[in-house]
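**Student:** Got a sequence here, can you model it:
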Amino acid sequence: MNKKTKASGKESGQIILFIVFVILFMVMFVSLYISKSLARHSKVSNGVINSVQAYYVADTGSENVLYYLSTMPPAATLNEGDTIPLDNALAPYGGSTMAVVSEADATTMKIDIVGTYENTSRAIQLFW
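**Tutor:** Numbers count the residues shown, from 1 in each chain. A predicted model of the protein is given here:
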């Protein structure tokens, strides 16, 4: 009789150990799934942050272009393909801006201002 109770006690201990391992693996897989999801959302958030920074760099460039145009002599003209010199010191944390006159006629000019931050670029068009 003692032998049967000892054997059933070992079997119940093994079953409990198996159940504990199954629960641990389930918790591990759920936590890995959650961490993978959080990493993906983190990358998306960084992309949005870079996009906003690039937009603000382009906005800084547009202010710089407006200042340049307001200080330009009345007789001076800009032609299609001309670049407007910008002060990149205004671009925060290594961002850069570039302004190019893309269309020009007797009355208006279309100026494309591109702001770049890290690997993201945003553009603003300015009509003058």
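**Student:** What is the burial count for residue 123?
**Tutor:** Number of residues near residue 123 (other C-beta atoms under 10 Å) recorded here: 14. Backbone N, C-alpha and C define where each C-beta goes, glycine included.
**Student:** pretty sure it is in a strand, no?
**Tutor:** Yes. Residue 123 forms part of a strand when assessed by DSSP: H, G, I helix; E, B strand; the rest coil.
**Student:** so the spatially closest residue to it that is not a sequence neighbour bridges to which residues?
**Tutor:** With C-beta to C-beta, 6 or more residues apart in numbering as the criterion, residue 123 has its nearest non-adjacent residue at 4.8 Å, and that residue is residue 114. Beta-bridge pairing of residue 114 under DSSP bridges involves residue 98, residue 123.
**Student:** so is the nearest residue to residue 83 once chain neighbours are set aside in a helix, a strand, or just coil?
**Tutor:** Closest residue to residue 83 apart from its sequence neighbours, by C-beta to C-beta, 6+ apart: residue 100 at 5.4 Å. Secondary structure assignment for residue 100 (three-state DSSP): strand.
**Student:** contacting residues for the residue nearest in space to the middle of the chain?
**Tutor:** Nearest to the geometric centre of the chain sits residue 47, at 1.6 Å (C-alpha atoms, centre = their mean). For residue 47, the contacting residues are residue 120, by C-beta atoms under 8 Å, 6 or more residues apart in numbering.
**Student:** Which secondary structure state is assigned to it?
**Tutor:** Of the three states, residue 47 takes helix under three-state DSSP.
**Student:** Can you tell me how far it is from residue 41?
**Tutor:** Going from residue 47 to residue 41 by C-beta to C-beta, to the nearest Å gives 11 Å.
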